[in-house]
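A.B. asks: the following comprises the amino acid sequence and a computationally predicted model.
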Amino acid sequence: MTSYRNRMLSGMSTSLDRQRRFLGTLVNEPLSVGALAPSSRRLADHMAVDIVPGSRVIELGAGTGSLTRAILDAGVEPSDLLVIEQNEAFSEMLRKRFPGIGVITGNALGLNRHAGALPGPADFVVSGLPLLLFTPGRKLRLLYQVFSVLSEEGAFHQFTYGGRCPVERAVLRRLGLEATLLRFTPMNLPPAFVYRLQRCR
């Protein structure tokens, strides 16, 4: 009983530490955080939909690792997951929390330089980046790189708090992409919409 209680207390302490780090970054570097709170488990599962064992995945802006956990729980091998996180404290936390995954501390706009760490083209790019704060030009740069590292049938998953796709139609048309609302997560804080972007068929 004592051992079980100690494990429970240890888990609570770790979770509180992640919350504190998240809130500290939100206050000190608000433009680097894509969410107002760590993603709920339901949102994380919705972002990982269709990801299966054998999938190669790149995660952009992992934060404290809510989506990372869901990706690994979907059966992705740690060696098939590459995380790019700009915040050094989050990167350090991710390396400790998920040994075996590739974690690069850097800007997602340098994706092309880092994607070679995966053993082949990605099947999914999953993003927690605050795309609503990106200019159309930055979105164009990011998505151009995303679809240069994705396989032909690959998909880009992005969540947003707005009720519409966070990528403008002009940007989608220019890159030959189509956007689909994949899931709505009303119980997230705040409620979130998950979109999938793919090449037009």
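C.D. replies: Sure thing, it's come through.

A.B. asks: quickly find the element holding A179.
C.D. replies: Secondary structure assigned from DSSP states H and E places A179 in strand 177-185.

A.B. asks: which residue ends up closest to the midpoint of this structure in space?
C.D. replies: Within the chain, one residue has its C-alpha closest to the average C-alpha position: by C-alpha atoms, centre = their mean, that is S127, at 3.5 Å.

A.B. asks: which phi and psi does that residue have?
C.D. replies: S127 adopts backbone torsions of phi -120, psi 130, taken as degrees, to the nearest 10.

A.B. asks: my guess is it meets L60, correct?
C.D. replies: Yes - counting by C-beta atoms under 8 Å, S127 sits close enough to L60 to count as a contact (4.4 Å). The C-beta positions use only the backbone N, C-alpha and C, and glycine is treated the same way.

A.B. asks: which residues do these two both contact?
C.D. replies: Common contacts of S127 and L60, defined by C-beta atoms under 8 Å, 6 or more residues apart in numbering, comprise A108.

A.B. asks: need the contact list for the residue nearest to the centre of the chain.
C.D. replies: Taking C-beta under 8 Å, 6+ apart as the contact definition, S127 lies against 34, 59-61, 108, 156-159.

A.B. asks: make a markdown table from these and add distance to V52, secondary structure and pLDDT to it.
C.D. replies: Listed next are those as a markdown table, based on distance: C-beta to C-beta, whole Å; DSSP: H, G, I helix; E, B strand; the rest coil; pLDDT from 0 to 100:
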| residue | distance to V52 | secondary structure | pLDDT |
| --- | --- | --- | --- |
| G34 | 25 | coil | 51 |
| E59 | 16 | strand | 98 |
| L60 | 20 | strand | 98 |
| G61 | 23 | coil | 96 |
| A108 | 24 | helix | 96 |
| F156 | 17 | strand | 98 |
| H157 | 14 | strand | 98 |
| Q158 | 20 | strand | 98 |
| F159 | 20 | strand | 96 |
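
A.B. asks: among those, which one has the most neighbours?
C.D. replies: Using other C-beta atoms under 10 Å as the contact criterion, the top neighbour count among the contacts of S127 goes to E59, which has 30 neighbours.

A.B. asks: quick one: buried residues of stretch 49-64?
C.D. replies: Judged by neighbour count using 16 or more other C-beta atoms under 10 Å, the buried positions of stretch 49-64 are 51, 55-64.
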